[in-house]
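In: Return atomic coordinates for the entry below.
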Amino acid sequence: MFLDENAMEIRLLCHYRETLVNERTRLINRLRINLVILDPELEASIPSRKLGYAGQRHRVTRRLRAMPQTARMRVAREQVKRIGVCCCSGLVDRAERLHPRHQPRRQHTKRPAPRDSNQAPTSGRKSETA
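Out: I've put the predicted structure just below:
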C-alpha cells in the first residue's frame, strides 16, 4: 500500500523530529553522566527535564568554568553548548519549519483609518480652546 505525497511528507517530518528529540535526549544523558563524575552535587541539584532551560545551562556553565581544566570538563562544557543550540534554535521543532507550506505568522499592525477627503488634516494636538 502506497501513501500519497502529503502522508509521506508527514511521516518523513515526524521521523526527523523523533530523531532530533532522541539525539537531544542522548546528549543530555551524556552530560548528566559527566556532571555526576565532575560535580555530583551540581548534577543532583538540576531537576529532571530542566537542562533545556537557559538558566540551568548558564548555572552549569558557571560551575564548570570554576573547575580545573580537564578533558572531561571541556567535553561537558561543549555538551552544554550543544544542548543550548538544540534547545535555543529549535532544532527539535525544525521539522515543522521544513514543510514548504509553513508560513510564519504575520504581525498585524494598526493602520490609520482612512480620512475623508473633505476633512482638513489634523496635527494630532488637542485644541487649546476651552
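
In: By mean pLDDT, point me to the weakest helix or strand of the protein.
Out: helix 94-98 (a mean of 52; mean pLDDT, DSSP states H and E).

In: what pLDDT, on average, does the strand or helix carrying Ile33 get?
Out: Using DSSP states H and E, Ile33 sits in helix 5-38. For helix 5-38, mean pLDDT is 93.

In: helix or strand right after it?
Out: Past helix 5-38, the next helix or strand by DSSP H and E is helix 40-45.

In: what packs against that next one?
Out: helix 5-38 (3 or more CB pairs under 8 Å, 6 or more residues apart in numbering; DSSP states H and E). (Each C-beta comes from the backbone N, C-alpha and C, glycine too.)

In: Name the residues of the helix it packs on that come out as buried.
Out: For helix 5-38, the neighbour count (16 or more other CB atoms under 10 Å) marks Leu13, Arg17, Leu20, Arg24, Leu27, Ile28, Leu31, Asn34, Leu35, Leu38 as buried.

In: Sweet, I'm off.
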